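Participant: just to be clear, the model below is a prediction. Sequence and coordinates:
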2 protein chains.
Amino acid sequence: MKDIKQKLIKLFKQGYSTPQIARIAKKIKEPSTTIHYNIKKLEKDGAIKAYNAVFDYDKIGIGYCTFVLIRLSPDEYGNPERLSKELSKHDEIESIDIITGDWEMILKVRTKDKDEYFNFMKNVISRKGVTKITTLTSLKQVKTEFVNL
Amino acid sequence: MKDIKQKLIKLFKQGYSTPQIARIAKKIKEPSTTIHYNIKKLEKDGAIKAYNAVFDYDKIGIGYCTFVLIRLSPDEYGNPERLSKELSKHDEIESIDIITGDWEMILKVRTKDKDEYFNFMKNVISRKGVTKITTLTSLKQVKTEFVNL
DNA sequence: TAAATAATTGAATATTATTCAACTTTATGT
DNA sequence: ACATAAAGTTGAATAATATTCAATTATTTA
């Protein structure tokens, strides 16, 4: 056994998929060359960033999902991009947004369980510049990445 | 002009992509038939729900992104799934999670601009059973769907 | 430890993406 | 309004890729 599964999951999170031109052509009843041309244009214009897989996250062992609200200290407040760039390297983080209001940043984080999340919070999120953290834990994921579960 | 672009975007949100077996095979140095077998297994097991595109949402005209926190009334509190199922039909909603804590539900919503979001909030989210709504507006999206922007 | 099941793989085939050149439509400048 | 350029559409030919199949190896189960 070569444990190809985990390697596939890692690749499919980043991309490694591609449009099904023939199927789309049939669906919207246009020649496949026309579909091809239009897709390449979207890619060239940067409108499409990647093609990737949407998972049943329970089944790939990262079923513990949280939203993390972060408040920054006054000195970090003016430069939230520094921290967000830093955080973006971590595979556990599905999304990072800099937001308005009482909080400066919201993360969507996926880990195996609460213990793994706790470690992640202590080691990655908590750092100087971060004043307060609130975690909203998902009890049930109804829809993700525009896909109903 | 046939405005194929919008049709493609709609299809790519749902799926209509497929793994690049040959590229993966080269990348992890295994025969393509082995990769094929392992991918089909993931699909059969339900671990992979779909293959879809990740967009630069500004460039496809839905650059206004919000997180919506929803509190339910005592009578709806015990059955958050009813409302979430109802909401999941709407294309503007990227994700729906039922959560712990002060709020019962969190949505990630993508619209063209604040006006379109305001209409969406009034017509779709606000309804009996929803006691309170707080909107966190994204000022900058650093990472989405595991992809750095 | 034998039998059954799951996983790996190369060769053959089927399907699909891509290229190209011709043509049509739309946009641009004077 | 008209000529010209640029963008978009398309069928035919080719290149690349996925899929099937049967044989082999590894792993699990009784």
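Facilitator: Noted; the coordinates are in hand. Residues are numbered from 1 along each chain as shown, chains lettered A, B, ... in the order given.
Participant: every contact and neighbour count from this point should use C-alpha atoms.
Facilitator: Will do.
Participant: got the buried residues for stretch A:60-69?
Facilitator: Residues A:60, A:62-69 are the ones in stretch A:60-69 that count as buried (16 or more other C-alpha atoms under 10 Å in any protein chain shown).
Participant: if we only consider those, which is nearest to DNA strand C?
Facilitator: Proximity of the buried residues of stretch A:60-69 to DNA strand C (C-alpha to the nearest atom of the strand) peaks at residue A:60, which lies at 14.1 Å.
Participant: can you classify the residue nearest to the spatial centre of chain A by secondary structure?
Facilitator: Note on chain A: the residue nearest the mean C-alpha position is residue A:94, at 2.4 Å, using C-alpha atoms, centre = their mean. Classification of residue A:94 using DSSP: H, G, I helix; E, B strand; the rest coil returns strand.
Participant: swap in residue A:90?
Facilitator: coil.
Participant: so what's it up against?
Facilitator: By C-alpha atoms under 8 Å, 6 or more residues apart in numbering or on different chains, the contact list for residue A:90 is empty.
Participant: how does chain A divide into domains?
Facilitator: Following automatic domain parsing, chain A resolves into domains at A:4-44, A:64-148.
Participant: any chance you could list what contacts stretch A:45-55?
Facilitator: For stretch A:45-55, contacts defined as C-alpha under 8 Å, 6+ apart pick out A:12-19, A:42-43, A:144-145, A:147, B:17, B:47-57, B:59-60, B:147, B:149.
Participant: how about stretch A:98-110?
Facilitator: By C-alpha under 8 Å, 6+ apart, the residues outside stretch A:98-110 that reach it are A:62-72, A:77, A:80-81, A:92-97, A:117, B:136-142.
Participant: in strands, which of those residues fall?
Facilitator: A:64-72, A:93-97, B:136-142 (DSSP state E).
Participant: which phi and psi does the closest residue to DNA strand D within chain A have?
Facilitator: With C-alpha to the nearest atom of the strand, the shortest gap between chain A and DNA strand D falls at residue A:34, namely 3.7 Å. Residue A:34 adopts backbone torsions of phi -70, psi -40, taken as degrees, to the nearest 10.
Participant: and the pLDDT for it?
Facilitator: Here the pLDDT value assigned to residue A:34 is 98.
Participant: now do the helix or strand of chain A with the lowest mean pLDDT: distance to the chain's middle.
Facilitator: Taking mean pLDDT, DSSP states H and E as the measure, chain A has helix A:74-77 as its least confident helix or strand, at a mean of 88. Mean-position distance between helix A:74-77 and its chain equals 26 Å (C-alpha atoms, centre = their mean, to the nearest Å).
Participant: check whether that helix contacts chain B.
Facilitator: No: using C-alpha under 8 Å from any C-alpha of the partner chain, helix A:74-77 never reaches chain B; the gap is at least 13.6 Å.
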